[in-house]
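A.B. asks: Coordinates for the following, if possible.
(one chain, ligands or ions: 2)
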Amino acid sequence: NSVLTLQDAVVLLVYTEYFDNRPLLVAQSNKRCAVIGGSGFLGRHLVEKLLDRGYSVSVFDIRQSYELPGVTFHQGDLCDKQALLPALKDVSLVFHCASPAPGSDNRALFESVNIQGTRIVIQACIEAGVQKLVLTSSASVVFEGTDIKNGREDLPYAKKPIDYYTQTKIEQEKLVLEACDKEKGFLTVAIRPHGIFGPRDPQLVPILVDTARRGKMKFIIGDGTNLVDFTFVENVVHGHILAAERLRPDSPICGKPYHITNDEPVRFWDFMSEVLVGLGYAAPRYHLPYALVYGLALLLWLLALILRPLVSFKPTFTPMRVALAGTHHYYSCERAKQDMGYKPVVSLKEGIARTVQSYPHLKQGA
Ligand SMILES: NC(=O)C1=CN([C@@H]2O[C@H](COP(=O)(O)OP(=O)(O)OC[C@H]3O[C@@H](n4cnc5c(N)ncnc54)[C@H](O)[C@@H]3O)[C@@H](O)[C@H]2O)C=CC1
Ligand SMILES: CC(C)CCC[C@@H](C)[C@H]1CC[C@H]2C3=C(CC[C@]12C)[C@@]1(C)CCC(=O)C[C@@H]1CC3
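C.D. replies: Numbering: from 1, shown residues only. Ligands and ions are numbered 1, 2, ... in the order given. Have a look, this model is predicted:
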């Protein structure tokens, strides 16, 4: 299972490990990796950190959103194995963080990209001789819309996932973890982040600000004491890189999922208020009962579904968002601390400050 390539000829340190009685050549400085979904929010932050750490990176994405020295772009759909294979050439480590946007309700797209596409990613990795695959999963794979407090990785997968996104993230995670095969020298691990935020996030802050600008961020859903994990993007990146570098045949992390959080659960509405106030908007003040808002959101969602052939409208308060905004859902990252020495590198306070600063165009009055 040799991975010696031309590039490895310049390797400073090559050593041989014996695994399953077969020599496995490990090039310590074979720092060439691929990021599938590398044009996205998390993907780009991951690419930047990998470059800082001396990796050269091949990005595969359906779109190209930037250019950087040290990065080779391959544009294509991950459901197309022939398009994907060239991006994995001479690569020993792959990060898979591509997904359709969670807010979409296109079931067929989620199934084809997250399930069928992930099967193709696994096949392509094996065919290309990739040794390690790190999947970006989601802590939501265990969330059913009811409270989770300090949830550990041994919680069962959601039996009734809250949407197609979550349903297909569950199948995706199972596929990747089941593909872990030490005998064949193909190692996998899944990172489960929650509520990623930070500069260039296309979702959380922009949706929040848009809702505030339309005068709809006046209400707190429920009593406002529910705790949630919001994770600064650099901590999520740190978790991915640690996992990749610790992923070895003798490591306990093979074939397992890991929660990566800021380890500072925060009241959902305090977090929203801090971001809003930081950008010059008023914090929500009036309380509405959770059951009432959830019922209304469900009704609106059904109405939007029925009327779709005639008019198209997208409600801001979807049942999924109401569930996320009105319940406790925070997770323990103890396993990541123990097995890979994970510790958040940026505090929540610092993360929020850096995020707010990075959105001058979203400030009140801008
Ligand atoms: N944003 C969040 O709060 C959380 C995100 N995640 C996961 O993190 C990962 C990254 O998410 P974000 O960076 O927030 O999303 P993003 O939408 O910014 O990035 C996803 C990237 O995947 C690419 N992509 C989508 N379909 C593709 C296809 N068929 N072929 C090739 N590329 C394709 C998109 O073009 C995009 O660049 C996703 O797997 C998501 O499920 C998990 C937990 C929380
Ligand atoms: C209108 C307001 C009540 C809410 C605005 C903020 C929301 C857009 C975000 C709050 C929690 C976020 C979240 C995700 C997306 C953005 C939020 C709903 C995810 C669904 C993204 C994908 C995941 O894997 C889980 C995330 C949970 C938290």
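A.B. asks: could you measure the nearest residue to residue 152 once chain neighbours are set aside against ligand 2, distance?
C.D. replies: The shortest distance from residue 152 to any non-neighbouring residue, by C-beta to C-beta, 6 or more residues apart in numbering, is to residue 332 (5.0 Å). (Glycine included, C-beta is placed from N, CA and C.) According to C-beta to the nearest ligand atom, to the nearest Å, residue 332 and ligand 2 sit 17 Å apart.
A.B. asks: what do you get for residue 42?
C.D. replies: Applying C-beta to the nearest ligand atom to residue 42 and ligand 2 gives a distance of 10 Å.
A.B. asks: isn't that residue right next to residue 196, touching?
C.D. replies: Yes: the pair residue 42 / residue 196 is scored as a contact, 6.0 Å apart, by C-beta atoms under 8 Å.
A.B. asks: Report the set of residues contacting both of those two.
C.D. replies: 233, 236 (C-beta atoms under 8 Å, 6 or more residues apart in numbering).
A.B. asks: between those two, who's got more neighbours?
C.D. replies: Between residue 42 and residue 196, counted using other C-beta atoms under 10 Å, residue 42 has the larger neighbour count: 25 against 22.
A.B. asks: quick one: what helix or strand has that one in it?
C.D. replies: Element membership for residue 42, per DSSP states H and E: helix 41-52.
A.B. asks: State the distance from residue 74 to residue 41.
C.D. replies: 19 Å (C-beta to C-beta, to the nearest Å).
A.B. asks: Of all the residues in the one helix or strand residue 123 maps to, which ones are buried?
C.D. replies: Element membership of residue 123, judged by DSSP H and E, is helix 117-128. By 16 or more other C-beta atoms under 10 Å, the buried positions in helix 117-128 come out as 117, 118, 119, 120, 121, 122, 124, 125, 128.
A.B. asks: Direction included, what does the next helix or strand after that helix pair up with?
C.D. replies: Next helix or strand after helix 117-128 toward the C-terminus (DSSP H and E): strand 132-136. Sheet pairing for strand 132-136, assigned by DSSP bridges, gives strand 93-96 (parallel), strand 187-193 (parallel).
A.B. asks: In CSV, list these along with mean neighbour count and distance to ligand 2.
C.D. replies: CSV is the format used below for the strands paired with strand 132-136 (neighbours: other C-beta atoms under 10 Å; distance: least, C-beta to the nearest ligand atom, whole Å):
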stretch, mean neighbour count, distance to ligand 2
strand 93-96, 26, 14
strand 187-193, 26, 7
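A.B. asks: Can I get those in CSV including mean pLDDT?
C.D. replies: Converted to CSV, the strands paired with strand 132-136 look like this (pLDDT from 0 to 100):
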stretch, mean pLDDT
strand 93-96, 98
strand 187-193, 98
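A.B. asks: Identify whichever of the ones you listed lies nearest to residue 210.
C.D. replies: Residue 210 lies closest, by C-beta to C-beta, to one member of these: strand 187-193, at 23.1 Å.
A.B. asks: For this structure, what lies in contact range of ligand 2?
C.D. replies: For the chain, the contact set with ligand 2 under C-beta under 6 Å from any ligand atom comprises 102, 138, 140, 194-195, 203-204, 207-208, 211, 316, 321, 324-325.
A.B. asks: How many neighbouring residues does the one residue in the stretch 201-350 of the chain that gets nearest to ligand 2 have?
C.D. replies: Residue of the stretch 201-350 of the chain nearest ligand 2, by C-beta to the nearest ligand atom: residue 207 (3.9 Å). By the criterion of other C-beta under 10 Å, residue 207 has 14 neighbours.
A.B. asks: cool, the one 5 residues further on as well?
C.D. replies: In terms of burial, residue 212 registers 22 neighbours under the definition other C-beta under 10 Å.
A.B. asks: about what we covered before: so the residue of the stretch 201-350 of the chain closest to ligand 2 is in which element?
C.D. replies: Short version, using DSSP H and E: residue 207 is in helix 204-213.
A.B. asks: what comes up buried for that helix?
C.D. replies: Buried-residue list, helix 204-213, by 16+ other C-beta under 10 Å: 204, 205, 208, 209, 211, 212.
A.B. asks: Can you show me the helices along the protein?
C.D. replies: Along the chain, counting by DSSP state H, helices occupy 41-52, 81-84, 107-110, 117-128, 164-178, 204-213, 233-246, 268-278, 290-307, 319-326, 334-340, 348-357.
A.B. asks: In ChimeraX, select just the buried ones from the residues of the chain next to ligand 2.
C.D. replies: Buried members of the residues of the chain next to ligand 2, defined by 16+ other C-beta under 10 Å, are picked up in ChimeraX with:
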select :138,140,194,195,204,208,211,321,324,325
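A.B. asks: Among the residues of the chain next to ligand 2, which one sits closest to ligand 1?
C.D. replies: Among the residues of the chain next to ligand 2, and counting by C-beta to the nearest ligand atom, the member closest to ligand 1 is residue 138, at 3.7 Å.
A.B. asks: could you list every residue that touches that closest one?
C.D. replies: By C-beta under 8 Å, 6+ apart, residue 138 lies in contact with 166, 169, 192, 193, 194.
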